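Asks: Prediction below, plus the sequence it came from.
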Amino acid sequence: MNWYLDVLKKYAVFDGRARRKEYWFFVLFNVIISLVLGFVDGLLSSSGIIGVIYGFAVLIPSIAVSVRRLHDINRSGWWLLIGLIPLIGTIVMLIFMVTDGTTGDNQYGADPKTAS
(Lines give C-alpha, C1' and ligand atoms only; values in the text may rest on other atoms or scores of the structure.)
Protein backbone atom coordinates (compact mmCIF):
# COMPACT_ATOMS: atom_id res chain seq x y z
CA MET A 1 0.00 0.00 0.00
CA ASN A 2 2.96 2.33 0.63
CA TRP A 3 3.96 2.13 -3.03
CA TYR A 4 0.49 3.35 -4.01
CA LEU A 5 0.52 6.18 -1.48
CA ASP A 6 4.05 7.24 -2.47
CA VAL A 7 2.90 7.75 -6.04
CA LEU A 8 -0.08 9.79 -4.85
CA LYS A 9 2.24 11.91 -2.69
CA LYS A 10 4.25 12.68 -5.85
CA TYR A 11 0.97 13.70 -7.52
CA ALA A 12 2.42 15.71 -10.42
CA VAL A 13 6.14 15.01 -10.15
CA PHE A 14 7.37 14.23 -13.65
CA ASP A 15 11.10 14.39 -12.95
CA GLY A 16 13.20 11.70 -11.37
CA ARG A 17 12.96 7.94 -11.68
CA ALA A 18 10.52 5.23 -10.58
CA ARG A 19 11.42 1.59 -10.02
CA ARG A 20 9.47 -1.24 -11.62
CA LYS A 21 8.16 -2.12 -8.19
CA GLU A 22 6.72 1.35 -7.64
CA TYR A 23 5.05 1.38 -11.06
CA TRP A 24 3.59 -2.12 -10.96
CA PHE A 25 2.30 -1.88 -7.39
CA PHE A 26 0.56 1.35 -8.37
CA VAL A 27 -0.99 -0.42 -11.37
CA LEU A 28 -2.02 -3.39 -9.20
CA PHE A 29 -3.75 -1.20 -6.61
CA ASN A 30 -5.46 0.81 -9.37
CA VAL A 31 -6.88 -2.39 -10.86
CA ILE A 32 -8.07 -3.65 -7.47
CA ILE A 33 -9.66 -0.32 -6.55
CA SER A 34 -11.30 -0.06 -9.99
CA LEU A 35 -12.79 -3.54 -9.64
CA VAL A 36 -14.17 -2.73 -6.20
CA LEU A 37 -15.58 0.58 -7.40
CA GLY A 38 -17.12 -1.15 -10.41
CA PHE A 39 -18.81 -3.62 -8.07
CA VAL A 40 -20.08 -0.78 -5.85
CA ASP A 41 -21.30 1.12 -8.93
CA GLY A 42 -23.20 -1.99 -10.01
CA LEU A 43 -24.84 -2.35 -6.60
CA LEU A 44 -25.82 1.30 -6.50
CA SER A 45 -26.87 1.42 -10.17
CA SER A 46 -24.94 4.68 -10.46
CA SER A 47 -23.93 4.11 -14.10
CA GLY A 48 -20.22 4.08 -13.28
CA ILE A 49 -19.89 7.63 -11.99
CA ILE A 50 -17.79 6.61 -8.98
CA GLY A 51 -15.29 4.83 -11.24
CA VAL A 52 -15.13 7.82 -13.57
CA ILE A 53 -14.40 10.17 -10.68
CA TYR A 54 -11.67 7.83 -9.41
CA GLY A 55 -10.22 7.56 -12.93
CA PHE A 56 -9.94 11.33 -13.22
CA ALA A 57 -8.45 11.57 -9.71
CA VAL A 58 -5.57 9.19 -10.54
CA LEU A 59 -5.03 10.26 -14.16
CA ILE A 60 -2.20 12.71 -13.45
CA PRO A 61 -0.40 10.44 -10.93
CA SER A 62 -0.65 7.58 -13.46
CA ILE A 63 0.96 9.67 -16.18
CA ALA A 64 3.60 10.97 -13.76
CA VAL A 65 4.65 7.51 -12.54
CA SER A 66 4.74 6.26 -16.14
CA VAL A 67 7.03 9.13 -17.15
CA ARG A 68 9.29 8.47 -14.15
CA ARG A 69 9.34 4.77 -15.08
CA LEU A 70 10.48 5.68 -18.60
CA HIS A 71 13.16 7.90 -17.07
CA ASP A 72 14.39 4.87 -15.12
CA ILE A 73 15.17 3.07 -18.39
CA ASN A 74 16.83 6.26 -19.70
CA ARG A 75 14.03 7.24 -22.07
CA SER A 76 12.20 10.52 -22.41
CA GLY A 77 8.68 10.81 -21.05
CA TRP A 78 7.52 11.60 -24.58
CA TRP A 79 7.83 7.87 -25.33
CA LEU A 80 4.56 7.55 -23.45
CA LEU A 81 2.82 8.81 -26.59
CA ILE A 82 3.79 5.64 -28.45
CA GLY A 83 1.04 3.95 -26.46
CA LEU A 84 -1.46 5.79 -28.67
CA ILE A 85 -0.54 3.54 -31.59
CA PRO A 86 -3.00 0.63 -31.55
CA LEU A 87 -1.55 -2.75 -30.54
CA ILE A 88 2.10 -2.01 -31.44
CA GLY A 89 2.26 0.95 -29.03
CA THR A 90 0.76 -1.12 -26.23
CA ILE A 91 3.27 -3.91 -26.76
CA VAL A 92 6.19 -1.47 -26.85
CA MET A 93 4.99 0.25 -23.65
CA LEU A 94 4.61 -3.10 -21.90
CA ILE A 95 8.18 -4.02 -22.85
CA PHE A 96 9.43 -0.64 -21.60
CA MET A 97 7.59 -1.00 -18.30
CA VAL A 98 8.97 -4.47 -17.53
CA THR A 99 12.54 -3.59 -18.54
CA ASP A 100 15.01 -3.26 -15.67
CA GLY A 101 16.13 0.29 -15.00
CA THR A 102 19.52 1.73 -15.85
CA THR A 103 22.12 0.79 -13.25
CA GLY A 104 23.62 3.82 -11.58
CA ASP A 105 22.84 7.44 -12.31
CA ASN A 106 21.48 8.53 -15.67
CA GLN A 107 20.45 11.90 -17.11
CA TYR A 108 17.16 11.77 -15.14
CA GLY A 109 18.63 11.26 -11.69
CA ALA A 110 20.07 8.80 -9.23
CA ASP A 111 19.33 5.09 -9.31
CA PRO A 112 16.24 4.59 -7.10
CA LYS A 113 17.43 1.09 -6.14
CA THR A 114 20.55 2.45 -4.48
CA ALA A 115 19.05 5.70 -3.14
CA SER A 116 18.24 5.53 0.53
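Replies: Nice, I can see it. Source: prediction; values computed, not measured.
Asks: hey, let's count contacts and neighbours off CA atoms from now on
Replies: Noted.
Asks: how much space is there between the residue nearest to residue 49 when sequence neighbours are not counted and residue 35?
Replies: Setting aside the residues directly before and after it, residue 49 is nearest to residue 41 in space (C-alpha to C-alpha, 6 or more residues apart in numbering), at 7.3 Å. Distance of residue 41 to residue 35, given as C-alpha to C-alpha, to the nearest Å: 10 Å.
Asks: Tell me where the protein has helices.
Replies: 2-9, 20-44, 49-57, 59-72, 88-98 (DSSP state H).
Asks: what about residue 41 and residue 35, which has more around it?
Replies: The residue with more neighbours, out of residue 41 and residue 35, is residue 41; 16 against 13, by other C-alpha atoms under 10 Å.
Asks: wait, what's in contact with residue 66?
Replies: Going by C-alpha atoms under 8 Å, 6 or more residues apart in numbering, residue 66 touches 23, 77, 80.
Asks: Double-check the last one against residue 92; I have them as touching.
Replies: Looking back up the chat, that one is residue 80. No: Residue 80 lies out of contact with residue 92 (C-alpha atoms under 8 Å); the separation is 9.8 Å.
Asks: And the two? Which one has more around it.
Replies: residue 80 (18 against 15).
Asks: Flag every buried residue along the lowest-mean-pLDDT helix or strand in the chain.
Replies: Least confident element among the helices and strands of the chain, by mean pLDDT, DSSP states H and E: helix 2-9 (a mean of 90). For helix 2-9, the neighbour count (16 or more other C-alpha atoms under 10 Å) marks 4, 7-8 as buried.
Asks: That one: how far from the chain's middle?
Replies: 11 Å (C-alpha atoms, centre = their mean, to the nearest Å).
Asks: what's that helix packed up against?
Replies: helix 20-44, helix 59-72 (3 or more C-alpha pairs under 8 Å, 6 or more residues apart in numbering; DSSP states H and E).
Asks: Alright, that wraps it up for me.
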